[in-house]
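**Student:** I would like the atomic coordinates for the input below:
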Amino acid sequence: MPPEGLKKIYYSIREVSELTGVEAHVLRFWEKEFPTLRPRRGRSGNREYKVRDIDIVKEIRRLLWDQKFTIQGACEQLRKNRPRRANEEVSQPELPFSELNRSVIGELRNTLVEIRDLLAGQGSP
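**Tutor:** Alright, predicted model coming up:
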């Protein structure tokens, strides 16, 4: 990664190529082969890589070049190792709400419903 003072939110394909040692045409090919690698496009259509994307490129590079996986095998490894998303079923611990907190939340909800109803009434003549 770049020196501390030069951290950015988005990196160009040229910068990613220099940081990872992977040529730009290979990065473009990997985008087609690996669903996890999807840099966003800027207004001008240029690829904009985030640090997360750069980490994925480094992992793909390690799997393909160092560990000699096939593209399909590397895809499976990435799929296995990826963190679960919010929409996937994960048991979530129950939050320790006391009865006092529950009553405050209930009062807050009722107040918000009243405000909504008041605002809805303003729109009619």
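
**Student:** Just say helix, strand or coil for the residue nearest to the spatial centre of the chain.
**Tutor:** By CA atoms, centre = their mean, the mean C-alpha position of the chain lies nearest to residue 52, the distance being 7.4 Å. Following DSSP: H, G, I helix; E, B strand; the rest coil, the label given to residue 52 is helix.

**Student:** where do the helices sit along the chain?
**Tutor:** Using DSSP state H, the helices of the chain run over 13-20, 24-33, 51-61, 71-81, 99-122.

**Student:** For residue 46, grab phi and psi.
**Tutor:** Main-chain torsions, residue 46, degrees, to the nearest 10: phi -70, psi 150.

**Student:** What pLDDT is listed against it?
**Tutor:** Note on residue 46: pLDDT of 91.

**Student:** quick one: the residue nearest to the centre of the chain from residue 67, how far?
**Tutor:** 21 Å (CB to CB, to the nearest Å). (Each C-beta comes from the backbone N, C-alpha and C, glycine too.)

**Student:** thinking again about what came up before, mean pLDDT lowest for which of the helices of the chain?
**Tutor:** Lowest mean pLDDT within those: helix 99-122, at a mean of 82.
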